[in-house]
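*Asks:* Sharing a model that was predicted from the sequence below.
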Amino acid sequence: MLIAHSIPELRAALVGRRPAFVPTMGNLHEGHLSLVHQARPLGDTTVVSIFVNRLQFLPHEDFDSYPRTWDADCAKLQAAGCDVLFAPRETDLYPEPQTFKVHPDPQLADLLEGQFRPGFFIGVATVVMKLFSCVFGANGGGTAVFGRKDYQQLMVIRQMVRQFALPIDVMAGDTSRAPDGLALSSRNGYLSAPERKEAVALSQALQQLSDRWAAAQAAGTLQATGLEQQALDQLRARGWLPDYLTVRRRADLQPAAAQDAPGTLVALGAARLGATRLIDNREF
């Protein structure tokens, strides 16, 4: 596995290649590795990036304390068949203040995560655009793989690629889960043992919300606000601080309604358990 720290190193390694690319912030788990395995047959060189992107953290968030596990990450990537690891230093990717930024469509990016983390998707879109330039700039395009756990992020990236006519195929990887159903996340490592046991309640709440929604819709008794409020109240009663538990249309993340067909919806949630904020979703 080649490790490239600078953009010229990376581009030199990828001349004439068609990369399959998985961007990460490190602290890798089986969810990340499943994306690497998915990417491998989609190009002739598998590229993974590790970069903790300051632009997508709010001032009070965990940029400085975000887990960095370099040696373990390298070992996992090598075992997973990664060909090139791009690990730029902050001065490599941002050699000067990043005053040019990508501003996603507010109708998609300023709701849900964007409402509770203002500017988050500007930071995400900007770094992904820059990583795409680094990885695909020398070879005319390829494939990038993102996980469905970050559902809204996946939609933002797909819209960005489409509107800028980037020669990149964006593929989605399924959410990897622990045996009890908890979505794998780098932030799960912040949870205490009792919190880890409780954490699966978010996934369960979304499953219950989607089941109740489908049943009420079939019976013609759907009251969206009441179902979402019930889900919020039940999670709060367990000691969580939820930001949102909601059902949206997959197509645009706008609020779902009774006329939306089954199979076109997604239940999304974000909630804080102790000091740890977790997100998850369930398509239905």
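*Replies:* Thanks, I have the structure now.
*Asks:* Any chance you could list what contacts stretch 91-108?
*Replies:* Identification of contacts with stretch 91-108 by C-beta atoms under 8 Å, 6 or more residues apart in numbering yields 5-7, 51, 54-55, 114, 121-123, 125-127, 129-131, 134, 152, 155-156, 159-160, 252-253. Bear in mind the C-beta positions are built from the backbone N, C-alpha and C, glycine included.
*Asks:* Can you say which of the residues you listed are buried?
*Replies:* Using 16 or more other C-beta atoms under 10 Å as the burial test, those include 6-7, 51, 55, 114, 121-123, 125-127, 129-131, 134, 152, 155-156, 159-160, 253 as buried.
*Asks:* circling back: which members of the contacts of stretch 91-108 occur in strands, if any?
*Replies:* Within the contacts of stretch 91-108, no residue falls in strands by DSSP state E.
*Asks:* so how far is residue 10 from the residue most central in space within the chain?
*Replies:* By C-alpha atoms, centre = their mean, the chain has its centre lying nearest to residue 150, at 2.9 Å. Remark: distance between residue 150 and residue 10 (C-beta to C-beta, to the nearest Å) = 24 Å.
*Asks:* ok, now residue 29?
*Replies:* In terms of C-beta to C-beta, residue 29 sits 24 Å off from residue 10.
*Asks:* Those two - which one has more neighbours?
*Replies:* With neighbours defined as other C-beta atoms under 10 Å, residue 29 and residue 10 compare such that residue 10 has more, 26 against 18.
*Asks:* Check the offset of the helix or strand hosting the more buried one from the chain's centre.
*Replies:* Per DSSP states H and E, residue 10 falls inside helix 7-14. Distance of helix 7-14 from the chain centroid (C-alpha atoms, centre = their mean, to the nearest Å) equals 26 Å.
*Asks:* Show me which positions of that helix end up buried.
*Replies:* 7, 9-11, 13-14.
*Asks:* residues contacting the residue nearest to the centre of the chain?
*Replies:* Applying C-beta under 8 Å, 6+ apart, the residues contacting residue 150 are residue 279.
*Asks:* Tell me what angle the helix or strand that the helix holding residue 10 is followed by forms with helix 7-14.
*Replies:* Toward the C-terminus, helix 7-14 is succeeded by strand 19-24 as the next helix or strand (DSSP H and E). Interaxial angle, strand 19-24 versus helix 7-14 (axes from the mean of the first three to the mean of the last three C-alpha atoms, to 10 degrees): 140 degrees.
*Asks:* Following element in sequence after strand 19-24, please.
*Replies:* Past strand 19-24, the next helix or strand by DSSP H and E is helix 30-39.
*Asks:* tell me what that following helix is packed against?
*Replies:* With contacts taken as 3 or more C-beta pairs under 8 Å, 6 or more residues apart in numbering; DSSP states H and E, helix 30-39 sits against strand 19-24, strand 45-50, helix 70-80, strand 142-147, strand 168-173.
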